[in-house]
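Engineer: sequence below, structure please.
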Amino acid sequence: QVQLVESGGGLVQAGGSLRLSCAASGGSFSTSDMGWFRQAPGKEREFVAAISRSGGSTDYADSGKGRFTISRDNAKKTMYLQIVSLQPEDTAVYYCAARSSPLLSWYSRTAYGYWGQGTQVTVSS
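Structural biologist: Numbering: from 1, shown residues only. Sure, this is the predicted structure:
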């Protein structure tokens, strides 16, 4: 079982950038595909980005293409999400997750069995 802890959120102005981190402990981080999701107030949790266990494959929601970069350091058991050109609509709680169901699409929340507690990102206009 893997435990996940996000950090790096905060309040930023539109156009700014942030780097979110997700530190893992326990379990087998290096053998798990990982993902980032976000949930804005009153909305469902949505897919943001995913990365394969080796880091060789990545994928992004359309809303983040060109602005979000997902990466991982298996030696440090840490995953990152670099976000540039932040917009107010990026305001949400950002969650990292470890995929536990490889047969399910990594775009779906149901593919992930382990979640962090989330980190708040607030973008002011």
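Engineer: who's the residue nearest the centre of the chain bridged to?
Structural biologist: Residue closest to the average C-alpha location in the chain (Cα atoms, centre = their mean): residue 36, at 2.1 Å. Bridge pairing for residue 36 (DSSP bridges) gives the partners residue 49, residue 96.
Engineer: make 53 the starting number, not 1.
Structural biologist: Will do, 53 is the new start, and the previous item becomes residue 88.
Engineer: give the contact list for it.
Structural biologist: Residues near residue 88 by Cβ atoms under 8 Å, 6 or more residues apart in numbering: 72, 74, 100-102, 120, 122, 131, 133, 146-149. Heads up, the C-betas are built off the backbone N, CA and C, glycines and all.
Engineer: wait, which of the residues you listed is closest to residue 170?
Structural biologist: Using Cβ to Cβ, residue 147 comes nearest to residue 170 of the contacts of residue 88, at 4.7 Å.
Engineer: next one: the closest one from residue 78, what distance?
Structural biologist: In this view, residue 147 and residue 78 are 18 Å apart by Cβ to Cβ, to the nearest Å.
Engineer: who has more neighbours, those two?
Structural biologist: residue 147 (23 against 11; other Cβ atoms under 10 Å).
Engineer: what sits against the more buried one?
Structural biologist: Contacts of residue 147 (Cβ under 8 Å, 6+ apart): 58, 88-91, 97, 167-170.
Engineer: quick one: which of the residues you listed sit in strands?
Structural biologist: If you go by DSSP state E, the contacts of residue 147 have 58, 88-91, 167 in strands.
Engineer: who wins for most neighbours among those?
Structural biologist: That'd be residue 88 among the ones in strands among the contacts of residue 147, by other Cβ under 10 Å, with 26 neighbours.
Engineer: helices or strands next to the helix or strand hosting residue 75 in the packing?
Structural biologist: If you go by DSSP states H and E, residue 75 is part of strand 70-77. Counting contacts by 3 or more Cβ pairs under 8 Å, 6 or more residues apart in numbering; DSSP states H and E, strand 70-77 is packed against strand 55-59, strand 86-91, strand 130-135, strand 144-151, strand 171-176.
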